[in-house]
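Asker: I would like to see how this sequence folds:
(chains A, B, C and D)
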Number of protein chains: 2
Amino acid sequence: MDIIAKVITLITIKEVSELAQVSQATVSRAINGHATVKEANKIKVFEAIEKLGYTPNTFAKALASKRSDSIGMMVGTLDGPFFGPLMHNAEGIIRDKNRHLIVTSGQESKTKEQDSIQFLQSKQVDGLIIHSDRLSDDELIKIAEKKPALIILNRYIPELSDHCICIDNELGGYLATKYLLDNGHTKVACITGQMSKVDSRERLQGYRNALTESSIPYDANLVIEGRFDHQGNHEVVRRLLDRDNEITAIFCQNDNIALAAYDVCSERQLTVGEDISIIGFDNVNYSQHIRPKLSTVNFPVKEMGIEAARAVIALIEKTDHRFTTKLLPELIIRDSVKKIN
Amino acid sequence: MDIIAKVITLITIKEVSELAQVSQATVSRAINGHATVKEANKIKVFEAIEKLGYTPNTFAKALASKRSDSIGMMVGTLDGPFFGPLMHNAEGIIRDKNRHLIVTSGQESKTKEQDSIQFLQSKQVDGLIIHSDRLSDDELIKIAEKKPALIILNRYIPELSDHCICIDNELGGYLATKYLLDNGHTKVACITGQMSKVDSRERLQGYRNALTESSIPYDANLVIEGRFDHQGNHEVVRRLLDRDNEITAIFCQNDNIALAAYDVCSERQLTVGEDISIIGFDNVNYSQHIRPKLSTVNFPVKEMGIEAARAVIALIEKTDHRFTTKLLPELIIRDSVKKIN
DNA sequence: GATCTACAAGTAAGCGCTTTCTTTAAATCT
DNA sequence: AGATTTAAAGAAAGCGCTTACTTGTAGATC
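Answerer: Residues are numbered from 1 along each chain as shown, chains lettered A, B, ... in the order given. Next up is the predicted model:
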């Protein structure tokens, strides 16, 4: 083990410089593409590197330069249909820019979120992409003060307005509801996510806007609070259906809720897409696997990943690339909504 | 920015040592829990750390100590129902051990897989967990020589036998088929994954074993090659069904394939769980969301993540913790298989 | 009381890079 | 040709830690 360790770590910039017969400084400059190295020396250096199989020690490099060429990302969980594509797409961009993504998860706990960010800071990431559930606005603002290359996902903080990348939830809610209305439904219910989350409130506002536009009065009876995760939505759907049996369509504020609605409908012998119409929100991967295929509103998570990556790099490099801070959802029409008249 | 940067990086072990009135070495020892520091000094040190808000510079630490306290993991993609839980569960264990997980993805390309591993090596991860699709056994063996704390997932390499964590695919295939047989089916088809993958071959062997046990001759006509991903399985299912219209049950070698089977059955007015029985493999999250709920074989991906994390730490710490190299799949009975007689 | 141990703490030499400052060499100008 | 500017390369001082080695001190031993 000792021997192995030595063998591995043996090749340093010093060996390269000796083989190439230049100074360490020149090697360093050649590697990092500083313009002031003569072509002939560059060649000698790269030949030596090749011959020795040299790879720079990132720690030494980071320590000396105070840069890490890596970007940190904190997501809610490493698992799940939302964060997967987010990480995936961000990583693609970041790699293309010769940087690296280090991902950690907040695990739905405030302490773990703090830990994660602390960890990323300790890795001296040059930039940070954060999707936080638990941290307060103030805490995020504090982080932004320390680390100017910060992007916040899916959350709007006025003080940090140009660091936030969100989707237009209100538009999404409007689109979903309008689609139902356009298909002739007038008794349109809405199952929201937790009202403590802005996403829920914004989507609800979109629902109201669509109603208003069609001159249909808002009926509080048709709106009920569910949860974005899997817990307890079945019961909520049942309660909603018990409240009013003239409901012909439900806007579920995410696909999870729609899933529960599907179940309850089948419980009650209601055929989705026939007896009752359902539209979801998010367009997670399984929404196309359930039958009838779920019509929903696409959450542009892929674009969010890409945009976040570009934005954070722009911030790091201080280029004045303007990035989109508000992404647009769009309607995905499948088979769960029936046209009536 | 300059000022901010200075403020951030200002607090080093030196400041701490001055405030605590001990040497830097003592501070270092206190932080790292070396037993040779007097209690009184420890207290002084930690008070100083607290007061200054000191956090160690990981790069300096790694450079000086040649350890990084982090573990690298390469998965196929950051996205998807399989790798999500894998990363998630591994991270949990690793954090508990005060280490960190750095995840990269191979992106289904050999070059990217190599890049990823190179990157992780350059971060001097103390251990490596690899799920490789594209690297050859030889290449993995070479990696193992350099980095003894290596765990390979879902692949068996004899030379590295105690570094591999796999699932017993043969047992899984047997379980699935036997369940179909036990329910009275005799014309049991099998749609495999790509036969280039050992998973497919092993699962198929399990299928054959179950058949043999029930004295049912193997019929090549009932076996057809599909793909583990989403491409082209519909066509494969159609071809299978055209070959023999007495098939009453299909063992699909993963849930994706089962999904395609569901679709084709509905195309042909066959009710799954009634006219035809289907069993999948993997138990990905959406298998419980489709209707009828899919009976399948659970791939213990969660356990795999946990086991991999424990194993790699054991290897790093050279404790003689024996870990399970072969995980056991088990039957998940839901609604897609009908009992006949 | 002198000598030996053992324990704690300090000193300082790196770890492998980057980068400022300096030197050298070549090119340009008068 | 000599003075001046410019380009390229080298020397060396860190970056913030760890750790082998050294020193100091108090208790144990005779």
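
Asker: for the stretch 1-150 of chain A, what spans make up the helices?
Answerer: For the stretch 1-150 of chain A, applying DSSP state H, counting those that start in this stretch gives helices covering A:2-9, A:13-20, A:24-31, A:39-52, A:58-65, A:83-96, A:110-122, A:137-146.

Asker: what about the residue nearest the centre of chain A, distance to DNA strand D?
Answerer: Nearest to the geometric centre of chain A sits residue A:86, at 4.3 Å (CA atoms, centre = their mean). Counting by CB to the nearest atom of the strand, to the nearest Å, the separation of residue A:86 from DNA strand D is 32 Å. (C-beta placed from N, C-alpha, C; glycine too.)

Asker: Kindly report the same for residue A:215.
Answerer: Distance from residue A:215 to DNA strand D, by CB to the nearest atom of the strand: 65 Å.

Asker: So that residue: helix, strand or coil?
Answerer: Following DSSP: H, G, I helix; E, B strand; the rest coil, residue A:215 is assigned to coil.

Asker: Hmm, residue A:202 is touching residue A:174, no?
Answerer: No. Between residue A:202 and residue A:174 there is no contact under CB atoms under 8 Å: 10.1 Å.

Asker: which one of those two has more residues nearby?
Answerer: Using other CB atoms under 10 Å in any protein chain shown, the more surrounded residue of residue A:202 and residue A:174 is residue A:174, with 23 against 20.

Asker: about what we covered before: distance of the residue nearest to the centre of chain A relative to residue A:244?
Answerer: Look at residue A:86 and residue A:244: by CB to CB, to the nearest Å, they are 37 Å apart.

Asker: Residue A:222 too?
Answerer: Using CB to CB, we find residue A:222 at a distance of 7 Å from residue A:244.

Asker: Common neighbours of those two, please.
Answerer: A:187, A:189 (CB atoms under 8 Å, 6 or more residues apart in numbering or on different chains).

Asker: Pick out whichever of the two has more residues nearby.
Answerer: residue A:222 (21 against 12).

Asker: Now do the phi/psi pair for the more buried one.
Answerer: phi -90, psi 0 (degrees, to the nearest 10).

Asker: Quick check: the residue lying closest to it once chain neighbours are set aside vs residue A:278, distance?
Answerer: In space, residue A:222 comes closest to residue A:189 once its chain neighbours are excluded; the distance is 4.3 Å by CB to CB, 6 or more residues apart in numbering or on different chains. For residue A:189, the distance to residue A:278 equals 10 Å [CB to CB].

Asker: Also residue A:331?
Answerer: In terms of CB to CB, residue A:331 sits 14 Å off from residue A:278.

Asker: So between those two, which is more surrounded?
Answerer: More crowded of residue A:331 and residue A:278, by other CB under 10 Å: residue A:278, with 28 against 15.

Asker: what about the more buried one, which helix or strand?
Answerer: For residue A:278, the host element (DSSP states H and E) is strand A:277-279.

Asker: Hmm, the residue nearest to the centre of chain A is touching residue A:299, no?
Answerer: No. Residue A:86 lies out of contact with residue A:299 (CB under 8 Å); the separation is 10.2 Å.

Asker: for the residue nearest to residue A:222, helix, strand, or coil?
Answerer: strand.

Asker: Would you agree it is in contact with residue A:224?
Answerer: Yes. Judged on CB under 8 Å, residue A:189 makes contact with residue A:224 at a distance of 7.4 Å.

Asker: Show me which of these two is the more surrounded one.
Answerer: Neighbour count, other CB under 10 Å: between residue A:189 and residue A:224, residue A:189 has more, with 27 against 17.

Asker: if I pick that one, what's in contact with it?
Answerer: Residue A:189 neighbours (CB under 8 Å, 6+ apart): A:222, A:223, A:224, A:240, A:244, A:247, A:249, A:250, A:251.

Asker: what's the closest of those residues to residue A:137?
Answerer: Nearest to residue A:137 among the contacts of residue A:189: residue A:223, at 26.8 Å, using CB to CB.

Asker: how near is the residue nearest to that closest one when sequence neighbours are not counted to residue A:284?
Answerer: Spatial nearest neighbour of residue A:223, excluding adjacent residues (CB to CB, 6+ apart): residue A:190 at 4.9 Å. Distance from residue A:190 to residue A:284, counting by CB to CB: 19 Å.

Asker: for residue A:259, same thing?
Answerer: Look at residue A:259 and residue A:284: by CB to CB, they are 9 Å apart.

Asker: Please write out the alpha-carbon positions of the one helix or strand residue A:201 maps to in PDB.
Answerer: Using DSSP H and E, residue A:201 sits in helix A:198-213. The C-alpha trace of helix A:198-213 is given here as PDB (Å, rounded to 0.1, in the frame of the first residue of the first chain):
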ATOM      1  CA  VAL A 198     -45.500  29.600  -2.800                       C
ATOM      2  CA  ASP A 199     -45.900  27.100  -5.700                       C
ATOM      3  CA  SER A 200     -49.300  26.200  -4.500                       C
ATOM      4  CA  ARG A 201     -50.400  29.700  -4.000                       C
ATOM      5  CA  GLU A 202     -49.200  30.800  -7.400                       C
ATOM      6  CA  ARG A 203     -50.800  27.800  -9.200                       C
ATOM      7  CA  LEU A 204     -54.000  28.600  -7.400                       C
ATOM      8  CA  GLN A 205     -53.800  32.200  -8.600                       C
ATOM      9  CA  GLY A 206     -53.500  30.900 -12.100                       C
ATOM     10  CA  TYR A 207     -56.600  28.800 -11.600                       C
ATOM     11  CA  ARG A 208     -58.500  31.900 -10.400                       C
ATOM     12  CA  ASN A 209     -57.300  34.000 -13.300                       C
ATOM     13  CA  ALA A 210     -58.600  31.500 -15.800                       C
ATOM     14  CA  LEU A 211     -61.900  31.300 -14.000                       C
ATOM     15  CA  THR A 212     -62.200  35.100 -13.900                       C
ATOM     16  CA  GLU A 213     -61.400  35.300 -17.600                       C
END
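
Asker: That helix: which residues count as buried?
Answerer: A:199, A:200, A:201, A:202, A:203, A:204, A:206, A:207, A:208, A:209, A:210, A:211 (16 or more other CB atoms under 10 Å in any protein chain shown).

Asker: Out of those residues, which is nearest to residue A:47?
Answerer: residue A:199 (56.1 Å).

Asker: mind listing what the residue lying closest to that closest one once chain neighbours are set aside touches?
Answerer: Leaving aside its chain neighbours, residue A:199 sits nearest to residue A:169 (5.3 Å; criterion: CB to CB, 6+ apart). Contact analysis of residue A:169 by CB under 8 Å, 6+ apart lists A:198, A:199, A:202, A:203, A:206, A:329.

Asker: Next: residue A:121.
Answerer: A:72, A:146, A:147, B:55.

Asker: Quick check on those residues: which are buried?
Answerer: A:72, A:147.

Asker: Turn the contacts of residue A:121 into CSV, including pLDDT and distance to residue B:159.
Answerer: CSV is the format used below for those (pLDDT from 0 to 100; distance: CB to CB, whole Å):
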residue, pLDDT, distance to residue B:159
A:72, 94, 37
A:146, 81, 48
A:147, 80, 45
B:55, 87, 42
